[in-house]
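Asks: attaching a predicted model along with its sequence, questions to come.
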Amino acid sequence: MIKVKARSNESVQAMLKRFKKMCEKEGLTKDIKRNSYYEKPSERRRRRMRKTMKRVSSL
């Protein structure tokens, strides 16, 4: 769970910006976008294979 505590004299916009940056760093926004629509099991397998091949080829 991501928590953002207010710093001294920090505006709400600055806190929101820090929160968004933390969400991005945790990969939360990417996960939400990926789950926003149905992905067929075959597409999921294909995506995982591409990710695996990319990781293997970079070694």
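Replies: Alright, I've got the coordinates.
Asks: so how far is the lowest-mean-pLDDT helix or strand in the chain from its chain's centroid?
Replies: Confidence across the helices and strands of the chain bottoms out at helix 28-34, with a mean of 87, counting by mean pLDDT, DSSP states H and E. Here helix 28-34 shows a centroid-to-chain-centroid distance of 5 Å under the convention C-alpha atoms, centre = their mean, to the nearest Å.
Asks: who are the packing partners of that helix?
Replies: For helix 28-34, not one helix or strand is in contact under the criterion 3 or more C-beta pairs under 8 Å, 6 or more residues apart in numbering; DSSP states H and E. The way it works is simple: take the backbone N, C-alpha and C, and place the C-beta from them, glycine included.
Asks: looking at the chain, which helix is longest?
Replies: Ranked by residue count under DSSP state H, the longest helix found in the chain is helix 41-57.
Asks: list of residues touching it?
Replies: Under the contact criterion C-beta atoms under 8 Å, 6 or more residues apart in numbering, helix 41-57 has outside partners Glu39.
Asks: give me the pLDDT for the residue lying farthest from the centre of the chain.
Replies: Distance from the centre of the chain peaks at Asn9, with 28.8 Å (C-alpha atoms, centre = their mean). Asn9 carries a pLDDT score of 92 in this model.
Asks: and the residue nearest to the spatial centre of the chain, how far is that from Tyr38?
Replies: In the chain, the residue lying closest to the centroid (C-alpha atoms, centre = their mean) is Gly27, at 2.1 Å. Going from Gly27 to Tyr38 by C-beta to C-beta, to the nearest Å gives 20 Å.
Asks: number of nearby residues for Ser57?
Replies: The local packing count at Ser57 equals 7, with neighbours defined by other C-beta atoms under 10 Å.
Asks: quick check, pLDDT for it.
Replies: Predicted confidence (pLDDT) at Ser57: the value is 89.
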